[in-house]
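A.B. asks: From the sequence below, what's the structure:
(chains A and B)
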2 protein chains.
Amino acid sequence: MAVLLLPIPGLPRVRPGDDLGALLASAIAEARVGVKDDDVLVVCQKVVSKAEGRVVALSSIEPSELARAWAATYDKDARLIELVLRESARIVRMDGGNLIVETRSGWVCANAGIDQSNALDDDHVTLLPVDADASAARLRAHLAERLGADLAVIVTDTFGRPWRHGQIEFAIGVAGIDPLLDLRGTADMNGRELGITILAAADAIAAAAGLVMGKADGIGAVLVRGASVVRVAGDGPGARSLVRPRETDLFR
Amino acid sequence: MAVLLLPIPGLPRVRPGDDLGALLASAIAEARVGVKDDDVLVVCQKVVSKAEGRVVALSSIEPSELARAWAATYDKDARLIELVLRESARIVRMDGGNLIVETRSGWVCANAGIDQSNALDDDHVTLLPVDADASAARLRAHLAERLGADLAVIVTDTFGRPWRHGQIEFAIGVAGIDPLLDLRGTADMNGRELGITILAAADAIAAAAGLVMGKADGIGAVLVRGASVVRVAGDGPGARSLVRPRETDLFR
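C.D. replies: Residues are numbered from 1 along each chain as shown, chains lettered A, B, ... in the order given. I've put the predicted structure just below:
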């Protein structure tokens, strides 16, 4: 069966306090995609963060001595470094002013996912949602109520990768599917062309949606239809199940 | 515009020396997908490797002293470790018998991409293509001739990732598109919901195709239609442009 990636245009510029579930429900209805129970709605982090008020004015930040010292050394904005440190559980790498950190949710990424582009104005930056799994679960409940369909929801963010140029979308919040699809038991491995044993299905869906989001301005949501996913009762284990434990991670 | 991921079933079990271009052309014709010039054909590494004869019998391998010592320490197959070392330009991490290496093509992955599943029998393993960009270019030329359409071709392999559970597909060979899509100049960043600046388009397409490959046995090829890609004259820079130079890589 084919997989379809359907752009959901028509989402207005989201502002803190907006009812994102309602905005998404309207945009999906306008898109006339005939929403189905097994569809997965992919929403980019920035609209979620903005709706949840995870927007900070740099001018409101008083940098610590440490942040000032690093900023002076690397010619960076001390207020931004201060915010990155506040959002981080641990610094994984620091080199030439580039901070690769582990966020409080366990994501390893540059600058704790703080984004200077497309916030409200030049002074404002967006932070990652406090708990993107909870964000996805809330949106899923809203959409079930408003659309009458049991969608799954994935919240994505844009990360760079070690070893490879360029960025792709990754899942940071998941509700309604298992983010991992275990293929080990499903087929005789001698009959399978794919080397995958455990597919990071939510990440693959996120990356796929990024193809549509990248195509045009303002596409903050994509409906994915027909992907191989494991539906779960309720919201499921969430994107946190994608976090590799430190003990099995050779690169933390 | 929607993006479509179309499975291409009907590819037979590929064996060394098979004309993969002809097999793919037949399978695409049988799939009745109405192939178009801007479609991207995604082919998994294993069928490419098998057609190119990149299959080795473990029983033919004489392990070195080093491979024997490591294998004894970690309870692994010395012949497999010997093959991994032969295929590697550098060892990036070694821990508990897990070898993360840089292949001669520049890919950082476990066991140099050597795959024990689904080769010809239990004794045989598949190696990565010697030059997967050249593999993609050859397939592209074959398909243009046989189908009369100027497809792009991406060869993918399944890699794990640092920091995250599960595997997804990555591009290791690309012909006909630029693997990177630079979005920096295309829009006012204040009008863009996506934080991406340079999209690793070939990797995103690979990951998307993995959603279809993961669904059923034997889906070794997927046609991707409508993705945002930059077509290039000729084969283009190839997947090697996705290799991050060591100087800018904090994790090599």
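A.B. asks: Tell me if A:I219 really is in a helix.
C.D. replies: No. Counting by DSSP: H, G, I helix; E, B strand; the rest coil, A:I219 is not part of a helix but coil.
A.B. asks: mind showing which ranges of chain A have poor pLDDT?
C.D. replies: Scanning chain A for pLDDT under 70 picks out the ranges A:118-120, A:185-196, A:214-218.
A.B. asks: In the stretch 101-250 of chain A, what residue spans correspond to strands?
C.D. replies: A:108-110, A:124-126, A:152-161, A:164-175, A:177-178, A:181-182, A:198-199, A:221-225, A:230-231 (DSSP state E, counting those that start in this stretch).
A.B. asks: Closest to the centroid, which residue in chain A?
C.D. replies: A:T156 (2.0 Å; Cα atoms, centre = their mean).
A.B. asks: out of the strands of the stretch 101-250 of chain A, nearest to B:S64?
C.D. replies: Closest to B:S64 of those, according to Cβ to Cβ: strand A:164-175, at 30.4 Å. (C-beta placed from N, C-alpha, C; glycine too.)
A.B. asks: which helices and strands does that closest one pack with?
C.D. replies: If contacts are counted by 3 or more Cβ pairs under 8 Å, 6 or more residues apart in numbering or on different chains; DSSP states H and E, strand A:164-175 sits against helix A:132-147, strand A:152-161, helix A:201-213, strand B:198-199, helix B:201-213.
A.B. asks: what does the first one contact?
C.D. replies: When contacts are defined by Cβ atoms under 8 Å, 6 or more residues apart in numbering or on different chains, helix A:132-147 is touched by residues A:19-22, A:24-25, A:28-29, A:35, A:41, A:43, A:45, A:48, A:52, A:105, A:129, A:149-155, A:172-176, A:235, A:238-240.
A.B. asks: Just the buried subset of these, written out for PyMOL, thanks.
C.D. replies: This is how PyMOL selects the buried members of these, with burial counted by 16 or more other Cβ atoms under 10 Å in any protein chain shown:
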select buried, chain A and resi 20+21+24+25+28+35+41+43+45+48+52+105+129+151+152+153+154+155+172+173+174+175+176+235+238+239+240
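A.B. asks: Close to chain B: what parts of the stretch 1-150 of chain A are there?
C.D. replies: A:1-7, A:11, A:44-47, A:93, A:95, A:98, A:100, A:107-108, A:115, A:117-118 (Cβ under 8 Å from any Cβ of the partner chain).
A.B. asks: Which of those residues fall in strands?
C.D. replies: The strands, defined by DSSP state E, take in A:3-7, A:44, A:93, A:95, A:98, A:100, A:108 from the residues of the stretch 1-150 of chain A next to chain B.
A.B. asks: Check those and tell me the two furthest apart.
C.D. replies: Farthest pair in those (Cβ to Cβ) is A:L4 and A:D95. Separation: 41.4 Å.
A.B. asks: who has more neighbours, the two?
C.D. replies: Shown here are A:L4 and A:D95; by other Cβ atoms under 10 Å in any protein chain shown, A:L4 has more neighbours (19 against 11).
A.B. asks: okay but that one is in contact with A:V224, surely?
C.D. replies: Yes. Here A:L4 reaches A:V224: they are 7.3 Å apart, a contact under Cβ atoms under 8 Å.
A.B. asks: I'd say A:A27 and A:V14 touch.
C.D. replies: No. The criterion here is Cβ under 8 Å, and A:A27 misses it with A:V14 at 10.9 Å.
A.B. asks: between the two, which one's more packed in?
C.D. replies: Set A:A27 next to A:V14 and count neighbours by other Cβ under 10 Å: A:V14 wins out with 20 against 16.
A.B. asks: show me what contacts A:G176?
C.D. replies: Contacts of A:G176 (Cβ under 8 Å, 6+ apart): A:40, A:136, A:140, A:150-153, A:231-232, A:235-236.
A.B. asks: of these, closest to chain B?
C.D. replies: A:V40 (10.2 Å; Cβ to the nearest Cβ).
A.B. asks: Can you tell me who the closest one pairs with across the strands?
C.D. replies: A:A152, A:V224 (DSSP bridges).
A.B. asks: That one: neighbouring residues, count only.
C.D. replies: 25.
A.B. asks: for it, what are its contacts?
C.D. replies: A:151-154, A:176-177, A:205, A:223-225, A:227, A:229.
A.B. asks: that older thread, so which of the helices and strands packed on strand A:164-175 gets nearest B:E65?
C.D. replies: Using Cβ to Cβ, the nearest of the helices and strands packed on strand A:164-175 to B:E65 is strand A:152-161, at 35.7 Å.
A.B. asks: Quick one: distance of the closest one to the chain centre.
C.D. replies: The chain centre lies 3 Å from the centre of strand A:152-161; the measure is Cα atoms, centre = their mean, to the nearest Å.
A.B. asks: okay, the angle between it and strand B:164-175?
C.D. replies: 70 degrees (axes from the mean of the first three to the mean of the last three Cα atoms, to 10 degrees).
A.B. asks: May I have strand A:152-161 as PDB, with CA atoms only?
C.D. replies: What follows is strand A:152-161, C-alpha atoms only, in PDB (Å, rounded to 0.1, in the frame of the first residue of the first chain):
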ATOM      1  CA  ALA A 152      -1.900   9.700  16.200                       C
ATOM      2  CA  VAL A 153       0.100  12.800  16.800                       C
ATOM      3  CA  ILE A 154       3.900  13.300  16.400                       C
ATOM      4  CA  VAL A 155       5.700  16.600  17.400                       C
ATOM      5  CA  THR A 156       8.900  17.000  15.500                       C
ATOM      6  CA  ASP A 157      12.000  19.100  15.700                       C
ATOM      7  CA  THR A 158      14.900  19.800  13.300                       C
ATOM      8  CA  PHE A 159      18.200  18.400  14.400                       C
ATOM      9  CA  GLY A 160      21.600  18.100  12.800                       C
ATOM     10  CA  ARG A 161      23.400  14.800  12.900                       C
END
